[in-house]
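Asker: quick one: sequence plus predicted model below, questions after.
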Amino acid sequence: MTKLYRWEDEKFFSAKNSYDDFDRLNMPWDHGHEAVGPNCLYACGKIAWMPEMRLIILDDLANRSRMIYSVPLIVPMGTDTDLSALGDKLLVVISDRTLLAWEYTSGRFSSVTLPGEVTRCSTEGLRVAVVTQAENDSKELIVWYFQGDLQRLEYASLLNDVTKEDKDAKDHFVNNLDIILHTHQDDVAFVVTAYPDIRSVKPGQPGHTNLRGKEIMRATTVFLYGTRAR
């Protein structure tokens, strides 16, 4: 999303905090500073957008109010910043391995350092679910409770049980890993993934093919597993 913009031109939204706190940004947005990643998210009647890498704006479409957030100095200048998730309570930004979150209903802020690069991120209530990837390509499934600790979800035993000796299935199982947070139970999360599954079928059945004299069908299996996040 691109929006040429000046604070003094705003007529629709009323800022809850003062535009004067952001005087250095009170200029047309044509000076080359751009956010990386998705710079606009919508959820629960609100739009979060980033006109530049260290500024996040949250517009409430229902009451036409606006909150402005600035990335704190714990994130070094020049570090890429991604607008990562927006939910019913939290606005989440990730910079390198630092996760920043604002509870926009109260204005509280919290941050946490993650063990690896974030490949997936979502939020529900006061929880954030992230999938991280280390330099050796190993992945961790993590649920973070706002202003609390990181909780890791174990999936190694699931991987071995489900995919057995099929390396292709194992690779897809790991690459597609994600987390779904339960909407009503804060301590429940679901590990979800998808992987190819080879099944024996009888000749003539839909989807069958012949491989080395064996009739097989390759299907995509979606795997969902509920677990306690605490």
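Answerer: Alright, I've got the coordinates.
Asker: ok, so what distance separates I47 from L159?
Answerer: Distance of I47 to L159, given as CB to CB, to the nearest Å: 38 Å. For glycine as for every other residue, the C-beta is placed from the backbone atoms N, C-alpha and C.
Asker: surely C40 meets P51?
Answerer: No - using CB atoms under 8 Å, C40 makes no contact with P51, being 10.2 Å away.
Asker: neighbour count winner among these two?
Answerer: P51 (19 against 15; other CB atoms under 10 Å).
Asker: parallel or antiparallel, list what pairs with the host helix or strand of that one.
Answerer: Assigned by DSSP states H and E, P51 belongs to strand 46-52. Note on strand 46-52: by DSSP bridges, its sheet partners are strand 40-43 (antiparallel), strand 55-60 (antiparallel).
Asker: domain-wise, how is the chain divided?
Answerer: Following automatic domain parsing, one gets these domains for the chain: 1-123+135-153, 154-230.
Asker: mean pLDDT for these: which is lowest?
Answerer: With a mean of 69, domain 154-230 has the lowest mean pLDDT of the domains of the chain.
Asker: ok, S110 - how many residues close by?
Answerer: 17.
Asker: got a list of what it touches?
Answerer: Applying CB atoms under 8 Å, 6 or more residues apart in numbering, we find S110 in contact with A101, E103, F146, Q147.
Asker: for C40, give the beta-bridge partners.
Answerer: Beta bridges link C40 to W49, judged by DSSP bridges.
Asker: re the thing from before, closest one to S14 among the strands paired with strand 46-52?
Answerer: S14 lies closest to strand 55-60 among the strands paired with strand 46-52, at 9.9 Å (CB to CB).
Asker: next SSE downstream of the closest one?
Answerer: Strand 55-60 is succeeded, C-terminally, by strand 65-70 (DSSP H and E).
Asker: now do the helix or strand that comes right after that following strand: which elements does it pack against?
Answerer: Next along the chain after strand 65-70, taking DSSP H and E as the criterion, comes strand 82-86. Secondary-structure packing of strand 82-86 (3 or more CB pairs under 8 Å, 6 or more residues apart in numbering; DSSP states H and E): strand 40-43, strand 46-52, strand 90-95, strand 117-124.
Asker: list the contacts of strand 82-86.
Answerer: If you take CB under 8 Å, 6+ apart as the criterion, strand 82-86 is touched by 35-44, 46, 48-50, 56, 58, 91-95, 99, 118, 121-123, 128.
Asker: before we move on, what about stretch 70-79?
Answerer: For stretch 70-79, contacts defined as CB under 8 Å, 6+ apart pick out 21-22, 53-56, 81, 93, 95-96, 98, 100, 109, 111.
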